[in-house]
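Enquirer: Sharing a sequence plus its predicted fold:
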Number of protein chains: 2
Amino acid sequence: MKLAKMYSFFKADIDHIENELEHSIQSDSTLLNEASLHLLQAGGKRIRPVFVLLGAKFGDYDIEKVKNVAIALELIHMASLVHDDVIDDAELRRGQPTIKAQWDNRVAMYTGDYIFARSLDYMTKIPSIEAHQILSKTIVEVCVGEIAQIQDKYRYDQHLRNYLRRIKRKTALLIAVSCQLGAIAAGAPPEIHRRLYRFGYNVGMSFQITDDILDFTATEKELGKPAGDDLKQGNVTLPTLYAMEQKEIKSIILQVHEHMDDLEFNQVLHKIKSTDSIERSHQLSQLYLRKALKELEDLPKIKARKTLRDMALFIGKRKY
Amino acid sequence: MKLAKMYSFFKADIDHIENELEHSIQSDSTLLNEASLHLLQAGGKRIRPVFVLLGAKFGDYDIEKVKNVAIALELIHMASLVHDDVIDDAELRRGQPTIKAQWDNRVAMYTGDYIFARSLDYMTKIPSIEAHQILSKTIVEVCVGEIAQIQDKYRYDQHLRNYLRRIKRKTALLIAVSCQLGAIAAGAPPEIHRRLYRFGYNVGMSFQITDDILDFTATEKELGKPAGDDLKQGNVTLPTLYAMEQKEIKSIILQVHEHMDDLEFNQVLHKIKSTDSIERSHQLSQLYLRKALKELEDLPKIKARKTLRDMALFIGKRKY
C-alpha cells in the first residue's frame, strides 16, 4: 500500500496543511522565498504532520486546532534539514541540489533560521503550555544532537548506545513528539499521549536505522544522493559499527576518507555489505518496529490506530 | 556615569540573571559548553536584560517572573551574534576570536541554534500569549533582516529607508521588544508597554547608527575588531550612504573590495571621514535619541524612568 492511500480518509486535511505550509514561508525577501520554496517543493513525505493528525484522532479532533502543531513540527523538521546539509556538506537531497549547494552555506544557515522562526509563529498559536514545554525541550535535544553528530564524526570507537542516542535526537524524538502533541492538542488523556509518544519513538528509531541501512544498500537513483555517503562523510552508522566488530574490516574502514577514489571506496562498501552487518541492522530495526506495534495494542480501536499500524509497517519495509 | 552604576539599585537582580545565563547554556556536550561559555564570557553589556527589568518596573515587578523574559531575549541576541559572525565572516568580536574563528562555521551555526533553542525553554515559562506572539514575530523579522543584509551587501544604490529598515530589524526591534515585554510580563497596561516599545525602538535606532559611525571613527583597540570593517565587507551603512552623495567619493567607494591592501583602504576611510557624512550620521542618531526621550515624558515618574533616560543618553554619547 502506498503511504498516501493509508491516510486517504483525511486527505483534505493533509492538503490543507500542504497549502498552509506553502503560505507559511512567504516573506518579502525574494531570496528567502526562492530558497524556502525550493526546499518545500523538493517534497518529503510529510510524515510528521500525518502523525500529528493521527495522534489528534485519539482526542477531540479539530483540524483548525491541530494544524498549527502539524505545521510547526514540519517547519522545524525542514529547518533542521537545511542546517544538516551544511553540517554534512551535502550537495543533494531527494535528487535536488541542497540550498547550500544552490546558494551557499550562509544562505542555508539563514533560510533554516527563517523557517525555524516561522515555526515559532505557529507554535504560539498552540494554547497548551505542556505542548510548548515538550516542543522546546525537543528542539534543545535536536540541537544538542546535531553538535554531538559533528563531534562523533570519524569516531570509530564509539559505542552502540552512542549511535542510538544520536538517532533518537536526530529522528525518533520529533516523530515521537508529533504523535504525542497531536493527541495533546486534541485533549487526549495522558496515558494515551504518552503511549503515542512511545509508539512514535520506536517507529522513529526503526525508520532511522532503515535509512542508515539504505545508505549502504540502495542505489544513487533511489536515494537521490550518492550511496555510501554516510561512510564517506565519517558518519558512523549501525552497519559500520556492526561490521567493525571484525578486525580486518575495521582496519579497512579506518582508512576511509572523504577524497577516496570511487573504485577503492566501492570496494570498502562491498566488504561491509558482505558481512552480516546489514542483516543485523535490519533485525534491530525490526525489533523497534515490533515495540512500536506493541504500544498500539492498548490504544482505543479507532481507524487511526489501524493507519498508525499501516504506516509503521510501511516504514519498516520501505526500500528507499 | 558608567552603565553599571545607573542600575545599581537592582544590581542583585542583574547578577541573578547573569548566573542564570551561565547556567542556561550548560549541556552534556563539551564542545557546546566551551563555545557557548566562550561567547557568554566575552561579555557584552547585557543591555536587553536591563531594559527588560526596567520595563517591568512599570508594572508589578517580580524578578522571578520577569527573569525568563530577560534571559530569553539575551539568549536570542547571543544566538543571532554567533550567526551574524558567520554571515560577516568575522574573526573578532569584542576583542575575542569569534566562535566561527576559534572553531568553524558549522560549530558556529549549531552553537547559535543551541543557544536559540535554550531561549525557547525560557520563553515557554512566560505565561502571556501576547508575549509569545510578539517574540515570535520579532524573531521572524530578525531572520528576514539577516537575509536582507546578505542581499544588500555591496549594493551601493540602496536608499536610506533600506538602511533604516535593516538596522530596525538588526538592532532596534529587539531593544524595543525588551522594554515592552518587561512591562507586559509585569502586567503593565497597553499604553505603557507600547510607549516603552517606541522608546526602545528609537534608542535602538540611535544605538545602531552610533555603532555604524564608530566602525569608521573608533580605533581597532576600542572596537575589538579592525576599523572600517563594515565598508570592507560591503555592509553599506549610514556614513557610506551620506558620503556617496558626492560623486567623486562614490566612485572611490565602488572600488573597495575585501582584499584591498591596508594603505589603499585607509585612504578611502580617510576620504569618507573628511566629508560631513559622520556629522550628519551623528545628527540622525541624535534625532532618534530625542524621540526616545520624548516617549519617556508621559510615563509614570518612577526611578526606572530616570534610569531609562540615563541609559539612552549614555548610548547616545558612547565613544565605543
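Expert: Sure, I can see it. Computed from a predicted structure; not experimentally measured. Residues are numbered from 1 along each chain as shown, chains lettered A, B, ... in the order given.
Enquirer: For residue A:213, I want the exact helix or strand it lies within.
Expert: helix A:190-217 (DSSP states H and E).
Enquirer: I'd like the next helix or strand past that helix.
Expert: Sequence-wise, the next helix or strand beyond helix A:190-217 is helix A:220-223, with elements assigned using DSSP H and E.
Enquirer: was I right about residue A:181 contacting residue A:68?
Expert: No. Counting by C-beta atoms under 8 Å, no contact exists between residue A:181 and residue A:68, whose distance comes to 10.0 Å. Yep, even glycine has a C-beta here, placed from its N, CA and C like the rest.
Enquirer: Could you tell me which residues touch both of the two?
Expert: Taking C-beta atoms under 8 Å, 6 or more residues apart in numbering or on different chains as the contact rule, the neighbours common to residue A:181 and residue A:68 are residue A:126.
Enquirer: Between the two, which is the more surrounded one?
Expert: For residue A:181 versus residue A:68, the count of surrounding residues by other C-beta atoms under 10 Å in any protein chain shown is larger for residue A:181: 32 against 22.
Enquirer: per-residue pLDDT, the closest residue to the more buried one other than its chain neighbours?
Expert: Sequence neighbours aside, residue A:69 is the residue nearest to residue A:181 in space, at 4.9 Å (criterion: C-beta to C-beta, 6 or more residues apart in numbering or on different chains). On pLDDT, residue A:69 comes in at 96.
Enquirer: can you check the one 4 residues further on too?
Expert: With respect to pLDDT, residue A:73 has a value of 95.
Enquirer: so where do the helices sit in the stretch 51-200 of chain A?
Expert: Taking DSSP state H, counting those that start in this stretch as the criterion, the stretch 51-200 of chain A carries its helices at A:63-87, A:99-102, A:105-123, A:129-152, A:160-167, A:173-185, A:190-217.
Enquirer: State the number of residues packed around the closest residue to residue A:85 other than its chain neighbours.
Expert: In space, not counting the residues next to it along the chain, residue A:85 is nearest to residue A:98; the distance is 4.1 Å by C-beta to C-beta, 6+ apart. Summarising burial for residue A:98: neighbours were counted as other C-beta under 10 Å, giving 24.
Enquirer: Contact partners for residue A:98?
Expert: When contacts are counted by C-beta under 8 Å, 6+ apart, residue A:98 is found next to A:82, A:85, A:90-92, A:108.
Enquirer: out of those residues, which are buried?
Expert: Among the contacts of residue A:98, those classed as buried by 16 or more other C-beta atoms under 10 Å in any protein chain shown are A:82, A:85, A:90, A:92, A:108.
Enquirer: need those in JSON lines with pLDDT and distance to residue B:152, can you?
Expert: As requested, these are arranged in JSON lines below (pLDDT from 0 to 100; distance: C-beta to C-beta, whole Å):
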{"residue": "A:82", "pLDDT": "87", "distance to residue B:152": "22"}
{"residue": "A:85", "pLDDT": "82", "distance to residue B:152": "25"}
{"residue": "A:90", "pLDDT": "76", "distance to residue B:152": "28"}
{"residue": "A:92", "pLDDT": "77", "distance to residue B:152": "30"}
{"residue": "A:108", "pLDDT": "86", "distance to residue B:152": "19"}
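Enquirer: I'd like those residues as CSV, with distance to residue A:145 appended.
Expert: Written out in CSV, the entries for these read as follows (distance: C-beta to C-beta, whole Å):
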residue, distance to residue A:145
A:82, 16
A:85, 16
A:90, 17
A:92, 23
A:108, 19
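Enquirer: quick one on the thing from earlier: among the contacts of residue A:98, which one sits closest to chain B?
Expert: If you rank the contacts of residue A:98 by distance to chain B using C-beta to the nearest C-beta, residue A:108 comes first, at 8.7 Å.
Enquirer: Of the helices of the stretch 51-200 of chain A, flag the one that's most buried.
Expert: Between these, the one whose residues have the most neighbours on average, counting mean count of other C-beta atoms under 10 Å in any protein chain shown, is helix A:173-185 (a mean of 28).
Enquirer: hang on, isn't residue A:254 packed against residue A:155?
Expert: No. Checked against C-beta under 8 Å, the pair residue A:254 and residue A:155 is beyond contact range at 11.3 Å.
Enquirer: Please tell me how far the spatially most central residue of chain A sits from chain B.
Expert: Compute the mean C-alpha point of chain A, and by C-alpha atoms, centre = their mean the closest residue is residue A:171, 4.2 Å away. As for residue A:171, its distance to chain B is 17 Å (criterion: C-beta to the nearest C-beta, to the nearest Å).
Enquirer: Would you mind listing what in chain A touches chain B?
Expert: The interface of chain A toward chain B, taken as C-beta under 8 Å from any C-beta of the partner chain, is made up of A:27-29, A:31-32, A:83, A:86-87, A:105-107, A:109-111, A:113-114, A:116-118, A:120-121, A:123-124, A:127, A:129, A:132-133, A:135-137, A:139-140, A:142-144, A:146-148, A:150-151.
Enquirer: Spatially nearest residue to residue A:125 (excluding sequence neighbours)?
Expert: Computed as C-beta to C-beta, 6+ apart, the closest residue to residue A:125 that is not its neighbour in sequence is residue A:68, at 4.3 Å.
Enquirer: Hmm, the one you found is touching residue A:122, no?
Expert: Yes. In this structure residue A:68 lies within contact range of residue A:122 using C-beta under 8 Å: 4.6 Å.
Enquirer: State the number of residues packed around the nearest residue to residue A:44 once chain neighbours are set aside.
Expert: If you skip the residues right next to it in sequence, residue A:44 has residue A:94 as its closest partner in space, 7.0 Å away by C-beta to C-beta, 6+ apart. Residue crowding around residue A:94 was assessed by other C-beta under 10 Å; the count is 13.
Enquirer: Then residue A:295?
Expert: Neighbour tally, residue A:295, other C-beta under 10 Å: 21.
Enquirer: mind exporting the helix or strand it falls within as CSV, just the C-alpha atoms?
Expert: Residue A:295 belongs to helix A:277-297 when assigned by DSSP H and E. As requested, C-alpha coordinates have been extracted for helix A:277-297 and formatted as CSV (Å, rounded to 0.1, in the frame of the first residue of the first chain):
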residue,chain,number,x,y,z
SER,A,277,26.1,-6.1,9.4
ILE,A,278,23.2,-5.2,7.1
GLU,A,279,21.1,-8.2,8.3
ARG,A,280,21.8,-7.5,12.0
SER,A,281,20.9,-3.8,11.5
HIS,A,282,17.7,-4.9,9.9
GLN,A,283,16.9,-7.1,12.9
LEU,A,284,17.4,-4.2,15.3
SER,A,285,15.1,-2.0,13.1
GLN,A,286,12.5,-4.8,13.2
LEU,A,287,12.8,-5.0,17.0
TYR,A,288,11.9,-1.3,17.3
LEU,A,289,9.1,-1.8,14.9
ARG,A,290,7.6,-4.6,17.0
LYS,A,291,7.9,-2.5,20.1
ALA,A,292,6.0,0.3,18.2
LEU,A,293,3.2,-2.1,17.2
LYS,A,294,3.0,-3.4,20.8
GLU,A,295,2.3,0.1,22.0
LEU,A,296,-0.7,0.4,19.7
GLU,A,297,-2.4,-2.7,21.2
